[in-house]
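> I need the structure of the sequence given here:
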Amino acid sequence: MTANATPGTPEGTREPLHVAVIIGSTRDGRFGPTVADWFVARAAQSHPEFDLDVIDLAEADLPLTMTGFGQPRPPAVADLAPRLTAADAFVVVTPEYNHSFPAVLKNAIDWYHGEWSRKPVAFVSYGGVSGGLRAVQQLRHVFIELSAVPIRDTVSFHEYWHQFAEDKSWPLPSEARDTAVRSLLDQLAWAGETLRAGRRETVAA
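A predicted model of the protein is given here:
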């Protein structure tokens with residue numbers, strides 16, 4: 001049996017890696033879904049073993065008021081929890097607001113804890129001059145506190161509004177971006193499989 005095969009699957013078959021792609025903006029006119037659609041298409045093409053689940057925080061509609069410790073989770077929070085628990089890895093698509101990430105994204109992160117633990121998190125950002133990288137830098141610290149494992153490489157879109165072709169297709173071709181997304185996806189696949197194996201060994205011990 002190969003390292004990526006599971007009992008009951010044909011020899012050489014890779015077990016799907018469940019990857020949750022989180023759209024971290026809910027504002028009117030947001031560009032996040034466009035970025036997420038592009039990333040999901042690239043991921044599906046290069047890593048067919050990924051089982052991709054797009055989580056749009058605008059649809060999740062998580063409450064902004066936290067419940068007290070020991071109290072039941074609100075329905076919207078409870079409904080999203082199984083999808084986060086099932087994920088072996090996360091990709092956060094985020095803009096940059098005032099040198100940081102959106103409040104709705106922090107709210108979504110703070111509603112959960114163990115769902116993030118010992119899982120890799122990759123970042124795809126967009127914005128102005130910085131391309132959202134200042135938001136990503138702060139998100140790394142947040143996820144480390146939750147025992148998640150941030151992926152080193154990122155994909156960022158600087159001044160994304162200039163990256164449309166004449167036919168309105170997006171983004172313009174970029175060899176540097178192609179290299180970046182390949183590296184991010186390869187790192188995410190390795191970390192996702194490695195950490196999943198580690199979590200299972202811990203449970204079985």
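> residues of the lengthiest helix in the chain that come out buried?
Using DSSP state H, we find that the single longest helix of the chain is helix 175-204. Going by neighbour count (16 or more other Cβ atoms under 10 Å), the buried part of helix 175-204 is Arg177, Ala180, Val181, Leu184, Leu185, Leu188, Ala189, Ala191, Gly192, Glu193, Leu195, Arg196. C-betas here are computed from N, CA, C, even on glycine.
> Rebuild those as a markdown table, extending it with pLDDT and distance to Arg152.
Formatted as a markdown table, those follow (pLDDT from 0 to 100; distance: Cβ to Cβ, whole Å):
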| residue | pLDDT | distance to Arg152 |
| --- | --- | --- |
| Arg177 | 95 | 16 |
| Ala180 | 97 | 11 |
| Val181 | 97 | 14 |
| Leu184 | 98 | 9 |
| Leu185 | 98 | 13 |
| Leu188 | 98 | 11 |
| Ala189 | 97 | 14 |
| Ala191 | 98 | 10 |
| Gly192 | 98 | 14 |
| Glu193 | 97 | 17 |
| Leu195 | 98 | 15 |
| Arg196 | 97 | 19 |
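> Name the nearest residue to Pro63, sequence neighbours excluded.
Leaving out its chain neighbours, the residue that sits closest to Pro63 by Cβ to Cβ, 6 or more residues apart in numbering is Pro74, at 5.2 Å.
> What's the local residue count around Leu146?
17 (other Cβ atoms under 10 Å).
> pretty sure it is touching Asp110, no?
No - using Cβ atoms under 8 Å, Leu146 is not in contact with Asp110; the gap is 9.3 Å.
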